[in-house]
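>>> Just to be clear, the model below is a prediction. Sequence and coordinates:
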Amino acid sequence: MITEAALIALAAGLYLFDCVVLLERGQALWSRGALSFGSKHYQIRGSVVALLNPLTPFIATIRTAPLFSISPGAKISSATRAVAPIAIPSLAQFILVFAVLPWCLYRAPGWPFLIALVLAYLNAIAMLAVCGWRFRKTGLATRPLVALGFAWLACLPLSVNALRKAGLAIEVGADARRAIRLLPAGKRQRARDDLAAQVAEAMHELDEADELHRRLAELRRKLTPEAPSERV
């Protein structure tokens with residue numbers, strides 16, 4: 001029993017670690033028409049720490065381009081549609097890995113466990129194949145899927161995050177400033193405030209003589225309520 005519990009705890013720990021995403025200052029995660037900029041203060045090697053909701057691996061998540069970047073990447077809507085077909089398989093994988101397999105491990109460690117394990121691997125392979133097909137169909141680079149697919153098959157708990165990791169692997173052309181314009185009107189002000197907070201943190205980390213500091217200061221001025229006509 002102790003061995004089974006340790007194995008389940010290890011799988012859960014690996015999955016939770018996989019839910020940690022590192023962002024540049026001002027970079028955001030797009031999910032269900034909302035933007036998340038991660039922690040305002042916690043960093044790892046200069047990158048902002050963001051945590052994906054461990055209970056919603058079936059909701060697509062896209063990472064915006066870094067601030068001030070000029071990229072010919074995909075549209076956010078196109079990136080979301082590219083990974084949408086594996087939403088239901090991702091939910092199924094979550095149930096298989098963290099409900100069916102643990103139950104079989106305790107109650108039916110023989111053939112039922114083996115069958116559930118095979119189903120989980122087949123589902124992971126199917127999600128990888130669908131992602132590859134959708135990426136090629138929409139003209140997206142499939143190279144990131146090689147490393148992701150290897151990780152999903154080498155460490156099954158990581159395959160639960162297939163939908164979100166595939167979405168995060170897509171390079172989009174819109175940074176957070178442009179992504180805010182795509183939000184529903186009721187969510188834009190909160191996103192502006194969150195972006196302004198991230199910009200302020202970034203400014204503290206730069207010398208005032210730095211050109212990037214000047215550009216960030218200008219962006220922060222446009223994000224503040226005192227200049228509504230200039231808001232991004």
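Arrived safely, thanks for sending. Numbering: from 1, shown residues only.

>>> Mind naming the longest helix for this structure?
helix 111-137 (DSSP state H).

>>> Now do the following helix or strand past it against helix 111-137: the angle between them, please.
Later in the chain than helix 111-137, the nearest helix or strand by DSSP states H and E is helix 143-154. Angle of helix 143-154 versus helix 111-137, following axes from the mean of the first three to the mean of the last three Cα atoms, to 10 degrees, is 180 degrees.

>>> Now do the same for the residue nearest to Lys165 when sequence neighbours are not counted: its pLDDT.
Nearest residue to Lys165, sequence neighbours excluded (Cβ to Cβ, 6 or more residues apart in numbering): Leu148, at 5.5 Å. Quick note: C-beta positions are derived from backbone N, CA and C, even for glycine. On pLDDT, Leu148 comes in at 96.

>>> The chain: strands as residue ranges?
Secondary structure of the chain (DSSP state E): strands at 20-23, 29-31, 34-36, 43-44, 47-51, 62-63.

>>> Need the winner for burial among these.
With neighbours defined as mean count of other Cβ atoms under 10 Å, the strands of the chain peak in mean count at strand 62-63, which reaches a mean of 24.

>>> What strands line up against that one, and which way round?
When pairs are called by DSSP bridges, strand 62-63 turns out to pair with strand 29-31 (antiparallel).

>>> mean confidence for the partner strand?
Computed over strand 29-31, the mean pLDDT rounds to 95.

>>> where does this protein dip in pLDDT?
Scanning the chain for pLDDT under 70 picks out 1, 225-232.

>>> Roughly how far does the residue of the chain most remote from its centre sit from Thr64?
For the chain, the residue at maximal distance from the C-alpha centroid (Cα atoms, centre = their mean) is Gly110, at 35.7 Å. Applying Cβ to Cβ, to the nearest Å, the value for Gly110 to Thr64 is 48 Å.
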